[in-house]
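Trainee: Take this sequence and fold it.
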Amino acid sequence: MKNLYVFPAILVGIVSIILFGESWLGWILFILWIIRILALKNKLVTLITTILVVIFVFIGIINLQNTQKKQRISNNQTELDLKVYPDEIKSSDNSFYGTFESQDSGEKYLASGNDYKKISSINYPFILHVKGEVKGIDGATNFNQFDAKSYYQSLGVFKKLTIKNMTVSHELSKKSIVNYIHFLRMKGINYFNTLPHPLNLYANSLFLGEMDGSFNDELTGIKSLGLIHLFSISGLHVYYIVSLMTLILVKLRITKEKINIILLILLPTYFILAGSSIGLLRSIISVEIGLLFKLFSKKSTALDTWSITFIVNLMMQPTMLLQFGCQLSYALAFGLIFTSRMKTIKQTIMMNLVSLPIIIYKLFTWHLLTMLANYLVIPIFSSIIMPIILIAIVVSPISYWIPQLVAWLLELFDVCINYLGGLPGNIVMGKPHIIVTLILFICTLWVIAETTKRKLLILFMLYLLTFMWIHFPISGEVSFFDVGQGDSALVREPFNKSVNLIDTGGKLQFGRKTPVYQADKISVNYLYSIGIDYVDNLALSHQDTDHVGDTPIILQKLKVKNLIIDDGMQNNGSFMQKVRPYLKNTKLITVKAGNKVKGFPFEIYHPFKPGLGSNEDSMVLSTQQGQKRWLFMGDLPSNGEKDIIHKYPQLKTDVLKLGHHGSNTSSSNEFLKFLHPELSVISAGRNNRYHHPSKETLEKLNSNGLKYVNTQNQGMISYRYGLFGKRFTEKLQGDNQ
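Mentor: Numbering: from 1, shown residues only. Below is the predicted model of the structure:
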């Protein structure tokens, strides 16, 4: 029976979801797929499925037990020897990081250090003797934020090592094939880095799977148009390498049987040489299975090859489905099986539809020109770009002008792609519910099976309904982002009638060539996830970096209608220098106590007079949301609190955002007794050098019987209200009614 392996393959994948992912969803799918298998009434399929599932459950339980052991981490100082492959080190200026193995225990560490010059010239794998501090890897502390902890755990890495001191001990054995392959890869990276720009970026990415930070910075169009898969070594590249190797071996008059054996041996070598990505592993396992079928003169369908590859890969990496790259790689490979006989333009459309549910679930955005870009670029890439890069690499030692010409052509290609990616059409879809994502994916396969106008219309309506549900939510929210030692809050009314940000958070950028804005991965990312790419009002309480430092990225990534600042801050040259280049279509509005701004659902209680944006000039805002009154204090000191008490003796609030991160310079006993809020919110960084919130402030809260939450402990804190009730939700603690 052909295509029988797809049934156990999908069930093994579902069991993986039960063990390592959304177990509730996994159990629903498990029951449905068991019913489907039993409906086949095929004893062979049932037997194979049972055996494979039992084996995988055994492997999965062992993996879970190992995970639980490794998750027991206590912060401590350590001294150990790390096995370091130079080709896997990532560096920036004089700092570096990477995933390295302990020579003694074999345990993996996400290690980082600040003395890269000491090891930058080493090409061969070596032992690094280090002293440092071991901690657990930080997980996501904001909703819909990338979860580094889950990602690294899926790779078998559970501990973070901050290196304090290090010395190079000795090189690893030169008799090891693996060590030598890593050495060759490092030599290849060094050689490719000597090529003219941007040929060096393309060569490293396409043939060695090496992407440095400048790749994403320079090739922005590649990412926005969804073309990054061309640079992630996978099926296309393996096909290229296999074809090239086969051509060379045929020219050497080697028989087909021997060629297949040689490829079986050499492809695992290429896996290490090309960076060992999950997409590459899938492609190589798939080719190896195909070669084995040929060697034993057995026939196999493309679906059976995909299914066996999927099973083998899951047995090797039980947690692989937690990785976005793996989900996308297998989904595209699955779609390719059923679209291979379609015309190119139809196949391009269908393959983009296959990937779309996964992309919007993980990345929240999609460009309207993605399909066109893939249709135009993939043929150019496979028939022109890759061959000329390969030629330039080979002739570089003997020719100067050919690599220069290729670099110029690639630069022209970059300009075109970046121009195309910069055109209007980027849709911030938002993150659909996982059930909706699954329905969209299954409906896409249903359309591919037999494409009709009626089916396409149904799929379009599903996407339209999803878009409307995300973009016009019936609930509103007040959220406090966990931005570390800083402040940033979102106030969003139902149906997105008004979207307002108060402060942006931010850190000082000492010694950085390129600024790194954490808001890009926190508040901007969250807004994208709920389908928002615009902000009606961005209010900045005062000029401190931990409140306004990330304003540039907010203004770049989001359409901001009004930037609201304290009266007088427009005369602060340092502040205006940072924000002026990004204002463009944003209106700058200055305010003081008693002012009203159209479309800004807040009362302004401070400042009383113009200033330059110091703590004493902090903007104090109040709003009514979800039957609760909210008061945001900025960094206003206790003297300012006294002024507010005298000016507004009737002022009340249900939720108080404490001033100055819970410092003892704010939140006086008099002020807390005057307001007596139901809940106080503290926004402060973990282990911050100011020791916020202060013991005095916490004692005052406790002595007055006031409940409080703290982003240090709860992470992002959200209050949602609407037709289905109202509740507080904390990222690290769960729901509170």
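
Trainee: What is the burial count for the residue nearest to Q103 when sequence neighbours are not counted?
Mentor: Closest residue in space to Q103, ignoring its immediate chain neighbours: D81 at 4.3 Å, by CB to CB, 6 or more residues apart in numbering. C-beta: built from backbone N, CA, C; applies to glycine. By other CB atoms under 10 Å, 16 other residues sit near D81.

Trainee: so who does D81 touch?
Mentor: 102-104, 127-130, 169 (CB atoms under 8 Å, 6 or more residues apart in numbering).

Trainee: Tell me, how many residues neighbour the closest residue to I645 other than its chain neighbours?
Mentor: Spatially, and ignoring its direct neighbours in sequence, I645 is nearest to F674 (5.4 Å; CB to CB, 6+ apart). Neighbourhood size, F674 [other CB under 10 Å]: 16.

Trainee: right, and the helix or strand after the host helix or strand of F674?
Mentor: Here F674 sits within helix 669-675, counting by DSSP states H and E. Using DSSP H and E, the next helix or strand after helix 669-675 towards the C-terminus is strand 679-682.

Trainee: what comes into contact with that next one?
Mentor: The contact list for strand 679-682 (CB under 8 Å, 6+ apart) reads 480, 654-658, 661-662, 667, 672, 692-693, 701, 706-712, 717, 728.

Trainee: From those, keep the buried residues only.
Mentor: Among these, those buried by neighbour count (16 or more other CB atoms under 10 Å) are 480, 654-658, 661-662, 667, 672, 692-693, 701, 706, 708-712, 717, 728.

Trainee: out of the residues you listed, which are inside helices?
Mentor: With DSSP state H as the criterion, helices contain 672, 701, 711-712 from among the buried ones among the contacts of strand 679-682.

Trainee: Dump those to JSON lines, plus distance to S176.
Mentor: Shown next, in JSON lines, are those (distance: CB to CB, whole Å):
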{"residue": "L672", "distance to S176": "65"}
{"residue": "L701", "distance to S176": "60"}
{"residue": "T711", "distance to S176": "47"}
{"residue": "Q712", "distance to S176": "46"}
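
Trainee: For the chain, which residue occupies the most central location?
Mentor: Among the residues of the chain, the one closest to the centroid is F146, at 4.3 Å (CA atoms, centre = their mean).

Trainee: pretty sure that residue is touching K521, no?
Mentor: Yes. Judged on CB atoms under 8 Å, F146 makes contact with K521 at a distance of 6.5 Å.

Trainee: and for the two, which residues touch both?
Mentor: Residues touching both F146 and K521 (CB under 8 Å, 6+ apart): there are none.

Trainee: Helices of the stretch 51-200 of the chain, residue ranges please.
Mentor: Along the stretch 51-200 of the chain, the segments classed as helices by DSSP state H, counting those that start in this stretch run 148-154, 177-193, 199-208.

Trainee: in the first one, what counts as buried?
Mentor: The one in question is helix 148-154. Neighbour-count burial for helix 148-154, counted by 16+ other CB under 10 Å, picks out 149-154.

Trainee: what number of residues lie near the closest residue to M633 other than its chain neighbours?
Mentor: Spatially, and ignoring its direct neighbours in sequence, M633 is nearest to G659 (3.6 Å; CB to CB, 6+ apart). Look at G659: counted by other CB under 10 Å, it has 29 neighbours.

Trainee: Could you number the chain from 877 rather than 1 from now on?
Mentor: Yes, from this point I'll number from 877; that puts the last item at G1535.

Trainee: G1535 touches S1542, doesn't it?
Mentor: Yes. G1535 is within contact range of S1542, at 3.4 Å (criterion: CB under 8 Å).

Trainee: who touches both of those two?
Mentor: Residues touching both G1535 and S1542 (CB under 8 Å, 6+ apart): 1509, 1511-1513, 1517.

Trainee: Export these as CSV, with columns for neighbour count and pLDDT.
Mentor: Output for these, formatted as CSV (neighbours: other CB atoms under 10 Å; pLDDT from 0 to 100):
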residue, neighbour count, pLDDT
M1509, 28, 98
D1511, 24, 97
L1512, 28, 98
P1513, 19, 97
E1517, 21, 97
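
Trainee: Max pairwise distance over those residues: which two?
Mentor: Greatest spatial distance among those (CB to CB): D1511 and E1517, at 11.5 Å.

Trainee: For those two, list the residues in contact with both.
Mentor: 1535, 1542.

Trainee: returning to that earlier point: quick check: beta-bridge partners of the residue nearest to Q979?
Mentor: For D957, the beta-bridge partners under DSSP bridges are H1005.

Trainee: quick one, what contacts D1530?
Mentor: D1530 makes contact with 1504-1506, 1553-1555, according to CB under 8 Å, 6+ apart.

Trainee: give me that answer again for 6 Å
Mentor: 1504-1505, 1554 (CB atoms under 6 Å, 6 or more residues apart in numbering).

Trainee: got TSV for the residues you listed, with neighbour count too?
Mentor: Formatted as TSV, the contacts of D1530 follow (neighbours: other CB atoms under 10 Å):
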residue	neighbour count
K1504	17
R1505	18
E1554	12
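
Trainee: With distance to G1097 and pLDDT added, can I get these in a markdown table?
Mentor: Supplementary listing: these in a markdown table, determined by distance: CB to CB, whole Å; pLDDT from 0 to 100:
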| residue | distance to G1097 | pLDDT |
| --- | --- | --- |
| K1504 | 45 | 97 |
| R1505 | 47 | 98 |
| E1554 | 49 | 96 |
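
Trainee: how does the protein divide up, domain by domain?
Mentor: Residue ranges for the domains of the chain, per automatic domain parsing: 882-946, 952-1048, 1060-1307, 1311-1347, 1352-1384+1391-1612.

Trainee: Minimum distance to V1054: which of the ones you listed has it?
Mentor: Across the domains of the chain, closest to V1054 is domain 1060-1307 (CB to CB), at 6.5 Å.

Trainee: picking up where we left off before, distance to T1224 for the buried residues of helix 1024-1030 - can I get that in TSV?
Mentor: Formatted as TSV, these follow (distance: CB to CB, whole Å):
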residue	distance to T1224
K1025	37
S1026	32
Y1027	30
Y1028	34
Q1029	36
S1030	30
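
Trainee: Of those residues, which pair is most distant in space?
Mentor: So for the buried residues of helix 1024-1030, where distance means CB to CB, the most widely separated pair is K1025 and S1030, at 9.8 Å.

Trainee: Can you verify my assumption that N970 contacts Y992?
Mentor: Yes. Using CB atoms under 6 Å, N970 is in contact with Y992, at 5.0 Å.

Trainee: Looking at those two, which is more packed in?
Mentor: Between N970 and Y992, Y992 has the larger neighbour count (other CB under 10 Å), namely 16 against 13.

Trainee: What separation do you get for that one and H1005?
Mentor: 16 Å (CB to CB, to the nearest Å).

Trainee: what do you get for S1272?
Mentor: 38 Å.

Trainee: what's the answer for F1478, then?
Mentor: Distance of F1478 to H1005, given as CB to CB: 57 Å.

Trainee: Which of these two has more residues huddled nearby?
Mentor: F1478 (23 against 15).

Trainee: Next up, the contacts around that one.
Mentor: Applying CB under 6 Å, 6+ apart, we find F1478 in contact with 1497, 1499.

Trainee: if I look at Q1590, how far off is V1400?
Mentor: Distance, Q1590 to V1400, by CB to CB: 21 Å.

Trainee: ditto for F1478
Mentor: Taking CB to CB, one finds F1478 at 22 Å from V1400.

Trainee: just I931 next, same as before
Mentor: To V1400, I931 is 44 Å away according to CB to CB.

Trainee: okay, those two: which has more neighbours?
Mentor: Shown here are I931 and V1400; by other CB under 10 Å, V1400 has more neighbours (23 against 13).

Trainee: still on that earlier bit, wait, which of the ones in helices among the buried ones among the contacts of strand 1555-1558 is closest to I998?
Mentor: Q1588 (39.7 Å).

Trainee: This completes my enquiry, with thanks.
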